[in-house]
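**Student:** Fold the following, please.
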Amino acid sequence: MRMINILIAFFLLSSAQANESPSAFSLQCEYMSNPIGIDTKQPRFKWWLMDDRKGAAQKAYQVFVSTDPSADGKVWTSPKVNSSSCFAVYQGKALQPFTKYYWKVQVYDHLGNKLVASEIATFETGMMNMQNWQGAWISDGTDVKVKPAAQFRKVFEAKKKIKAARAYIAVAGLYELYINGERMGTQRLDPMYTRFDRRTLYVTHDVTKQLQAGKNAIGVMLGNGWYNHQSTAVWFFDKAPWRGRPTFCMDLRITYEDGSIETISSKKDWKTALGPVIFNSIYTAEHYDARLEQDGWNKPEFDDAKWKNVTLRSAPSENIVAQVMRPIENVEEIPTAKLNKINDTTYVFDLGRNIAGVSKIKVQGEAGTVLRLKHTELLQANGMGDMSNIDMHYRPTDDKDPFQTDIFILSGKGEETFSARFNYKGFQYVEVTSNKPISLTEKSLVGYFMHSNVPVIGKVASSNPMINKLWAATNNAYLSNLFGYPTDCPQREKNGWTGDAHIASETGLYNFDGITVYEKWLADHRDEQQPNGVLPSIIPTGGWGYEWGNGPDWTSTIAIIPWNIYLFYGDTTLLGACYDNIKRYVDRIDTDYPSGLTTWGLGDWVPVKSKTSVELTSSAYYFADVTILYKAAKLLNKNADHLHYKALAEKIKTAFNAKYLNRQTAIYGDGVQTAMSVPLYWGLVPEDMKAKVAANLAKKVEADNFHLDVGLLGTKAILSALSDNGYADAAYKIASQETFPSWGWWIVNGATTLPENWRIESKNDNSRNHIMFGEIGAWLYKGLAGIKPDEKAPGFKNVLLEPHFVQGLDQFEASHNGLISSWKRSGNNIVYNVTVPANATATVRFDAGKSIMLNGAPVKDVVSLVAGRHEFFIHP
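**Tutor:** This next block holds a predicted model:
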């Protein structure tokens, strides 16, 4: 349903573009639409050009910023900039806190004509400086072992007519905010997980409509999140240095019609009491006793005489900053596909697909009836939930905290509803057991697919149904592992494993507008990096991961993701923010491994059968990091660094080939798929050896009957190593394979997300919702549609199109942010259609030796295109 709505939106947008005057549209500030509560002193502005004329482009732009709704430019009027870039950075006078700014952009087309001015957009500043906080950090005074969640309330009186009101709330833990009984916002699990003792996030809410004349009530419920990890597992988050009872600081800032301002802050006069959430763990589950509900606790008229005073707390960190990113939300409601009634106290619900999120149950029963909702990915032979593939790293100290099992105790007051507030899980099945008979139907339970609600910007469709399902499963796995930071799996760990994330980053960026999540997560990297340059394997971390699992094959996230953001968005901000961290990381490896080769890393994780030298794969990633570093140095005008690190990259490449390349046989290492594909993919193969090495890789793949024999690092490399070097047909045979071992093997066996192991029957390392093998999603864009960013004109200002019309596939189409690359067979010919969006160009490269016609005229195998629609006929 979500995809249908997206396609309708694309259609409506295209129709609008065809009927409206050319202009800038879809304005964003800090990659958000009309954000509130930003702290950025020089916010970034971005827009798109709406113009369906052929060759449409922007020649110049001018940005206007004002506190007046007319956006008259009194705060800042940029010079008229002669540039095709739809991106600008604020350069005006200092922005003031708590201020709403209006902005617009005036663009000039490729002919120099002044187009219709854009619609007016807004952004609103938040605190801007920590000294602007008036509230105190408060808690309920209990310790980290107390299990029930605390609730807080404050009643105040608004004596004048309200013009606007904002609630600024910083939390160590999780929260739900209520104004006069109404929950604020649709976001879930706010604020996002960070290294709490180094950076704490605050969220801004517009609460104008919820406030009323006279008495008002603020209600806050706090959850543990990652701040107070009461569950025990092998990563020791229960021993995190920041651990504490959840706490918050809040300012509710009211602007009255007469211009006066009143701030209601968290202080000693707030009241607190324990609530019906009697246990909550971000890792395991949530327990709720409806008998403990206090109706109206978050409304003005509630009698809080029995509630106690709050306790003042120190701030969890000295760095309280705005959270400006796509929120986690209940994005999709999923009905039960099948219900199996075992008996009148046991029911098993099947959602028909694997998701990350929560379930919601509606039930009626006697007071004190205890329901246990066990969430699993698998079923036992007897039809009951099977937890065995995801609970192996859990180390419970008693039986009070069952893994992925919510506990709901009924109040007996008619039909009741429960859904976890401060937890999420990975599951397809929900086994509901009760200590007393209950009556449930298929409509009694639904699931909610939760994730960071990043906008969809890409789509793939082909004539191969399995490929279509694989693309969807990959996206579902990616989203299931996006919760304010990329994770490995949504059930067993929920950890920010670095290797999984950089492998899947292109898949994410082709399909989703995920920059805000990645920028936040790379700030987590900067928080976690040690002074000696070392990064942990999971980020954030309570301390685990500095001693195992890290190394360049995993923690290259510090370089690869900022570089990918630069390629996909054309924005150097993240690359600049991480530059010193990349440099420190590279210098650490250079110091420890002066030969240019490093053995630091995990290697090709979960291979099918063949194992590749850790030194080979880690050294390749070390080379990739250094290459990114010297390119970033040039972009950032650090010329001495550019020369130094370019020389280091050459040193690594020379040492790598001296040890691993047999120039007589054109074989790397033992000649297995990973050993052959990784050097090709990362650019380590000497130019005069590329064709021979690629040919040997293709022979090895054919010898393996076009099946995979790789692990995590090999999956990143193998398909592109083939398709970029003349063997796209071989790559597609692997990608479309439906027998073991392959991606398709998972799909034909019913997978709706990507498993962790090629062997789906494996008892170990076998989550059914892992993103680490997710490079296949990016390759569909790169290897079949041929869509690639151009390093010389990043942000798809110029698009590189290298489509491959592979045997065994009749039709393929991919789109990304308005760009469409679509081909289909027509007899012996190929009809290839390209749509280049306004203000972009494309360079199309076809395989040599083909007869190519563009709009009826013959062209060579390299063609430059302007914005517009183009149709090619290709004859083999």
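
**Student:** what's the closest non-adjacent residue to K160?
**Tutor:** Once its chain neighbours are removed from consideration, K160 has its nearest residue in Y256; the separation is 4.3 Å (C-beta to C-beta, 6 or more residues apart in numbering). Using the backbone N, CA and C atoms, a C-beta is placed for each residue, glycine as well.

**Student:** what number of residues lie near the one you found?
**Tutor:** Neighbours of Y256 under the rule other C-beta atoms under 10 Å: 16.

**Student:** Just the buried residues of stretch 655-670, please?
**Tutor:** Judged by neighbour count (16 or more other C-beta atoms under 10 Å), stretch 655-670 contains these buried residues: A655, F656, N657, K659, Y660, L661, A666, I667, Y668, G669.

**Student:** Test my guess that the third one contacts P686.
**Tutor:** What that stands for is N657. Yes: N657 sits in contact with P686 when judged by C-beta atoms under 8 Å, with a separation of 6.4 Å.

**Student:** All the helices of the stretch 701-850 of the chain, in order from the start?
**Tutor:** For the stretch 701-850 of the chain, the helices defined by DSSP state H, counting those that start in this stretch cover 712-723, 728-735, 743-748, 775-779.

**Student:** what's in contact with the shortest one?
**Tutor:** Just to be clear, that refers to helix 775-779. Identification of contacts with helix 775-779 by C-beta atoms under 8 Å, 6 or more residues apart in numbering yields 470-471, 474-475, 478, 503-504, 506-507, 509-511, 715-716, 719-720, 723, 731, 735, 743.

**Student:** Surely D406 is in a strand?
**Tutor:** Yes: using DSSP: H, G, I helix; E, B strand; the rest coil, the secondary structure at D406 is a strand.

**Student:** show me the contacts for it.
**Tutor:** Residues in contact with D406, defined by C-beta under 8 Å, 6+ apart, are A285, E286, H287, Y288, S359, R372, L373, H375, F418, A420, N423.

**Student:** 7 Å - rerun?
**Tutor:** Contact criterion C-beta atoms under 7 Å, 6 or more residues apart in numbering gives A285, E286, H287, L373, A420 as the residues in contact with D406.

**Student:** Bridged to the third one, which residues?
**Tutor:** Residues in a beta bridge with H287, per DSSP bridges, are F279, I407.

**Student:** So it sits against G275, correct?
**Tutor:** No: H287 lies out of contact with G275 (C-beta atoms under 7 Å); the separation is 11.8 Å.

**Student:** the more surrounded of these two?
**Tutor:** The residue with more neighbours, out of H287 and G275 and counting by other C-beta under 10 Å, is H287; that gives 25 against 20.

**Student:** tell me the mean pLDDT over the one helix or strand V321 maps to?
**Tutor:** Mapping V321 onto the secondary structure by DSSP states H and E places it in strand 320-322. Averaging the model's pLDDT scores along strand 320-322 yields 98.

**Student:** Heading C-terminal from that strand, find the next helix or strand.
**Tutor:** Downstream of strand 320-322, the next assigned helix or strand under DSSP H and E is strand 328-335.

**Student:** Look up phi and psi at the spatially most central residue of the chain.
**Tutor:** Centroid-nearest residue in the chain, with C-alpha atoms, centre = their mean: L482, separated by 4.2 Å. Per-residue torsions, L482: phi -130, psi 100 (degrees, to the nearest 10).

**Student:** Which strand residues bridge it?
**Tutor:** Using DSSP bridges, the beta-bridge partners of L482 come out as P486.

**Student:** pLDDT weak spots in this structure?
**Tutor:** 1-19 (pLDDT under 70).

**Student:** before we move on, back to that, the buried residues of stretch 655-670 in strands, which ones?
**Tutor:** For these, the ones inside strands are L661, I667, Y668, with DSSP state E as the criterion.

**Student:** Just give me the longest strand of this structure.
**Tutor:** Per DSSP E, the chain has its longest strand at strand 346-363.

**Student:** Which strands and helices lie in contact with the strand holding V321?
**Tutor:** Contacts defined by 3 or more C-beta pairs under 7 Å, 6 or more residues apart in numbering; DSSP states H and E place strand 320-322 against strand 200-206.

**Student:** in the strand it packs on, what counts as buried?
**Tutor:** With burial defined by 16+ other C-beta under 10 Å, the residues of strand 200-206 counted as buried are T200, L201, Y202, V203, T204, H205.

**Student:** so can I have TSV of those showing distance to A164?
**Tutor:** Output for those, formatted as TSV (distance: C-beta to C-beta, whole Å):
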residue	distance to A164
T200	25
L201	23
Y202	18
V203	17
T204	12
H205	12
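
**Student:** From those residues, pick the one nearest S317.
**Tutor:** T200 (4.7 Å; C-beta to C-beta).

**Student:** List the contacts of that closest one.
**Tutor:** T200 is in contact with A170, A172, T194, P316, S317, N319, I320, counting by C-beta under 7 Å, 6+ apart.

**Student:** Count the residues that sit near the residue lying closest to Y569 once chain neighbours are set aside.
**Tutor:** Once its chain neighbours are removed from consideration, Y569 has its nearest residue in G795; the separation is 5.2 Å (C-beta to C-beta, 6+ apart). Close neighbours of G795, defined as other C-beta under 10 Å, add up to 20.

**Student:** what's the spacing between G795 and L174?
**Tutor:** In this structure, G795 lies at 35 Å from L174, with C-beta to C-beta, to the nearest Å as the measure.

**Student:** any idea how far L575 is from P552?
**Tutor:** 18 Å.

**Student:** My error: substitute A695 in the last question.
**Tutor:** Remark: distance between A695 and P552 (C-beta to C-beta) = 28 Å.

**Student:** neighbour count winner among those two?
**Tutor:** Neighbours per residue, other C-beta under 10 Å: of A695 and P552, the larger number sits with P552, 28 against 14.

**Student:** so the more buried one makes contact with T598?
**Tutor:** Yes: using C-beta under 7 Å, P552 makes contact with T598 at a distance of 6.5 Å.

**Student:** Need the residues touching each of the two.
**Tutor:** Each of I589, S618, Y622 lies in contact with both P552 and T598 under the rule C-beta under 7 Å, 6+ apart.

**Student:** Where does the second one fall, secondary structure wise?
**Tutor:** For S618, the host element (DSSP H and E) is helix 614-635.

**Student:** Tell me the helices and strands packed up against that helix.
**Tutor:** Counting contacts by 3+ C-beta pairs under 7 Å, 6+ apart, helix 614-635 is packed against helix 552-555, helix 557-569, helix 573-592, helix 639-660, helix 673-681.

**Student:** Contacts only, for D527.
**Tutor:** Applying C-beta under 7 Å, 6+ apart, we find D527 in contact with T194, R195, R198, R199.

**Student:** Helix, strand, or coil at the second one?
**Tutor:** Local secondary structure at R195 is given as coil here, using three-state DSSP.

**Student:** so what's it closest to, chain neighbours aside?
**Tutor:** Nearest one to R195, counting by C-beta to C-beta, 6+ apart, is D527 at 4.3 Å.

**Student:** Which residue ranges of the stretch 51-200 of the chain form strands?
**Tutor:** Shown for the stretch 51-200 of the chain, the strands assigned by DSSP state E, counting those that start in this stretch span residues 58-66, 76-77, 87-89, 100-109, 121-125, 137-139, 150-158, 162-172, 174-179, 182-183, 187-188, 200-206.
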